[in-house]
Every structure is written in structure tokens, then in C-alpha cells.
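**Q** coords please:
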Amino acid sequence: ALMDYGQQMQRGFELGLEYATNGTMAVAGRPIEVIWEDTTTVPEVARERAIVLLDEDQVDILVGPTSSADAFAILGLAEEYQKVLMLEPAAADFLTSGVSNRYVFRSARNTAQDSNAMAAVMINNVPNAKVSVLAPDSAFGRAYVTPFVAALEEKGGSVLTQEFPPADATDFTPYIQRIINSDPDYVFVIWAGANNPWRQLSEMGVLENFRVSTGAPEIAALRTMFELEGQSGFTVYYNEVAQNPVNDWLVKEHTARYDMVPDIFTSGGMAAAMAIVTALEKTDGDTDAEALIQTLRGMEFDSPTGKRWFRPEDHQAQQSLFEIKFVTKEGYDHIVPELVRVIPAEEVSDPVQTTHAR
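**A** Predicted coordinates:
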């Protein structure tokens, strides 16, 4: 899956450079050269290949990677080589905490922002909602649950039970039964992988008798989620949900070139490219890290999901997300996220975890 995410991100980044430079692929007379390396989703490999880019290719800016573990492996290199690292789409919220450094910016959203969006959806529909959670017993699952619990409680809700089946589970019966017994207002499901719990949730009556929410993932995963018809959730991006000129251009161009609509990580790649070009325009093409840091801090930039800006303290991008309803549509081979409302950045914003020296 991460390989697919990488391809999406690469296509989006290249389209973003084209859009932001009006097709010139240059800023202030300086041509933009992009060199791609595959991390193979192995942190040690990610670090080795980042060093090659920095030492041998003498790159001015690093962008990526897909995996948060890979991102953690290269955070320190940005400071060591004094080069800006633009994180996209790695989402673990700790990457912009105290383990980070002043050379690191993230144009992507993070897991805490996802959690805030999910909590906002639930509280918007059921004030003081009582929620039960089903998530894999993995770093991925717990990285979502921990900030979600804090976000929900801050908004007046509470968590009744947290169920963590093994990430490779194929029988979810005891975990689902305990959730049913807790009688929640909402069931929050966090899952990634083909062994998803949707069929059993349907068979055990959860989807019929309870409100169930989740984040709308990439289109490949949406093909396995038809059981969620009528349920609510949130999304970072879906090609028909984001409504602005940048996304209109992205959908048109991506469909023309690749015979498919853009996906979540395509949007993210484009956002990272637009942030970089915006900063380079402001520095008149100067790629010096200090010039870029001072420019990027607090800088607003456009993206396929609307305006974003980098928080000056920890360099985490602030952005809107989308409340959606899952619907079926004729001619679609997947469940479709339909826009309910834009969740403003103020509702999504995560706590500042560190403040970098200026």
C-alpha cells in the first residue's frame, strides 16, 4: 500500500510544481530539478538514500517520505546538513514534537488533526457523545486512539471502551461484542489492511444499530467499505469533496494523463510542491535554509483542499478537513464520501508540542 501512496505522492508533487510555476518548472529563473529515491519502507534504507541525496546530489530541499518510521529516521539529517525537510505524507503527530528540529516542516496533516476532526464530527452530531473504539494493536492504531481520546474529552465527549485486536486479526467477534455491550452513541473504527472488520461489524448488527464513524481512506480501501452506506466520518481529501480551482485543475489534469482521478496522497504531494514554490517565490529563488525557514514560518499557501499555513512554533501545517457521509452512487466501484461540511482549521488544530528556536 505504501508503494501506491508513494506513486500518488510523486504524481501530485510533479503536478503541483507544474501548477505553481505556470508550467515553467522554474522559480526566479532557476530551473527545478527533482530526484526521486525509494525508501523501500525500511528506515535504515531511508536514511542511507537521504544521505546520498544530500552528499552526492547536493539537494537543496528534502521532501517525503510516506512512512512515519522512515521520516523519523531522517529527521536528524535535516539539522545535520542544514537543509529543509518537508514532511509529506508521513502523519504520526510526534514527528513535529520535541524529536523534531527547526529545519523540519510538515505540509501534511497529522494523526492528532485527524483525531480532532473525528471528534468534531461526533460531537457536532451527538453532543457529549459516548464512544467505543476499535483499532489495531499496533503503533498505527494507538497513534490515532491516544489523541482521539484527548480530543473527544476536550469537546465534552467520553470513551467507554477501547478494543485493540491484533493487526493481523481475522476474527473480531469478542472485541465487537464488548463494544456492543458498552452501548455507545458512536463506534469509531480505525483500520488499514485487507483484513478489515467491516463484514463482521455488519453481521453482528453494529452497522445497523449504532452510529459508526471512520476516516475515509484512499479509493482502493473504499472499495471494501460498502457496508458503511449511510454512516458518517471525515476525510483528508476526496476528489469530489474538495471544491476549489486548484482541485478542479488537479482532477482534470490527473484524469487526462493517468486515466484515473487523483487520490488522497496525490493531493498531499501537490500541496507540498505548492508550499515549496510559494516559499521560493518569496525568497526570489534563494534556497539557503535560513532564508527558507524564516519564510516558511507562518507562511500561507494554497493546496487542493484549500488554504493552509505553517504554524510558527512547530512548523505543522494548519488546514481544514471534511465531514462526510458514505453513499453509494451508480457507476462507482467504491463507497463515495459525500461532503457534509468543511471542518475549519480551528476545530482540527492539534496542540503545539514544541517551539523551535527562531
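**Q** C-alpha from now on. contacts and neighbour counts both.
**A** Fine.
**Q** Helices of the stretch 51-200 of the chain, residue ranges please.
**A** Per DSSP state H, counting those that start in this stretch, the stretch 51-200 of the chain carries helices over the ranges 68-81, 111-125, 139-154, 173-182, 198-203.
**Q** need the least confident one among those helices, by mean pLDDT.
**A** Sorting these by mean pLDDT places helix 139-154 lowest, at a mean of 93.
**Q** ok, P43 - contacts?
**A** The neighbours of P43, taking CA atoms under 8 Å, 6 or more residues apart in numbering as the test, are A69, D70, A71, F72, A73.
**Q** Quick check: which of the helices of the stretch 51-200 of the chain has the most neighbours on average?
**A** Of all these, helix 111-125 has the most neighbours on average by mean count of other CA atoms under 10 Å, namely a mean of 23.
**Q** Find the residue at the geometric middle of the chain.
**A** Computing the C-alpha centroid of the chain and ranking residues by CA atoms, centre = their mean puts R109 first, at 4.7 Å.
**Q** With distance to K155 as extra columns, can I get the contacts of P43 in JSON lines?
**A** Output for the contacts of P43, formatted as JSON lines (distance: CA to CA, whole Å):
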{"residue": "A69", "distance to K155": "30"}
{"residue": "D70", "distance to K155": "33"}
{"residue": "A71", "distance to K155": "31"}
{"residue": "F72", "distance to K155": "30"}
{"residue": "A73", "distance to K155": "34"}
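**Q** what about the residue nearest to the centre of the chain, distance to A91?
**A** Remark: distance between R109 and A91 (CA to CA, to the nearest Å) = 6 Å.
**Q** just N195 next, same as before
**A** In this view, N195 and A91 are 22 Å apart by CA to CA.
**Q** ok, the residue nearest to the centre of the chain to N128 distance?
**A** Taking CA to CA, one finds R109 at 26 Å from N128.
**Q** What of P337?
**A** Counting by CA to CA - P337 and N128 are separated by 25 Å.
**Q** Looking at these two now, which is surrounded by more residues?
**A** Neighbour count, other CA atoms under 10 Å: between P337 and N128, P337 has more, with 29 against 16.
**Q** Indicate which one of the helices of the stretch 51-200 of the chain is closest to V104.
**A** V104 sits nearest to helix 68-81 of all the helices of the stretch 51-200 of the chain, at 6.9 Å, using CA to CA.
**Q** Can you give the contact residues for that closest one?
**A** 39, 41-44, 46-47, 50-51, 54, 64-65, 84-85, 87, 90-92, 95, 100-104.
**Q** Using PDB, write down the CA coordinates of that helix.
**A** Written as PDB, here are the backbone C-alpha positions of helix 68-81 (Å, rounded to 0.1, in the frame of the first residue of the first chain):
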ATOM      1  CA  SER A  68       6.400   7.800   9.600                       C
ATOM      2  CA  ALA A  69       9.200   5.400  10.700                       C
ATOM      3  CA  ASP A  70      11.200   6.400   7.600                       C
ATOM      4  CA  ALA A  71      10.600  10.100   8.400                       C
ATOM      5  CA  PHE A  72      11.800   9.600  12.000                       C
ATOM      6  CA  ALA A  73      15.000   8.100  10.600                       C
ATOM      7  CA  ILE A  74      15.800  11.200   8.600                       C
ATOM      8  CA  LEU A  75      14.700  14.000  10.900                       C
ATOM      9  CA  GLY A  76      18.200  14.500  12.300                       C
ATOM     10  CA  LEU A  77      19.800  14.700   8.900                       C
ATOM     11  CA  ALA A  78      17.900  17.900   8.100                       C
ATOM     12  CA  GLU A  79      19.600  19.600  11.100                       C
ATOM     13  CA  GLU A  80      23.000  17.900  10.400                       C
ATOM     14  CA  TYR A  81      23.100  19.000   6.800                       C
END
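**Q** the inter-axis angle of it versus helix 139-154?
**A** 90 degrees (axes from the mean of the first three to the mean of the last three CA atoms, to 10 degrees).
**Q** Just checking the distance from helix 68-81 to the centre of its chain.
**A** 19 Å (CA atoms, centre = their mean, to the nearest Å).
**Q** Over to stretch 172-184?
**A** Distance of stretch 172-184 from its chain centroid, counting by CA atoms, centre = their mean, is 29 Å.
**Q** how much space between T295 and G29?
**A** Per CA to CA, T295 is found 19 Å from G29.
**Q** Specify which residue of these two has the higher count of neighbours.
**A** Using other CA under 10 Å as the criterion, T295 and G29 rank with T295 on top: 17 against 10.
**Q** Right, I'll call it a day here.
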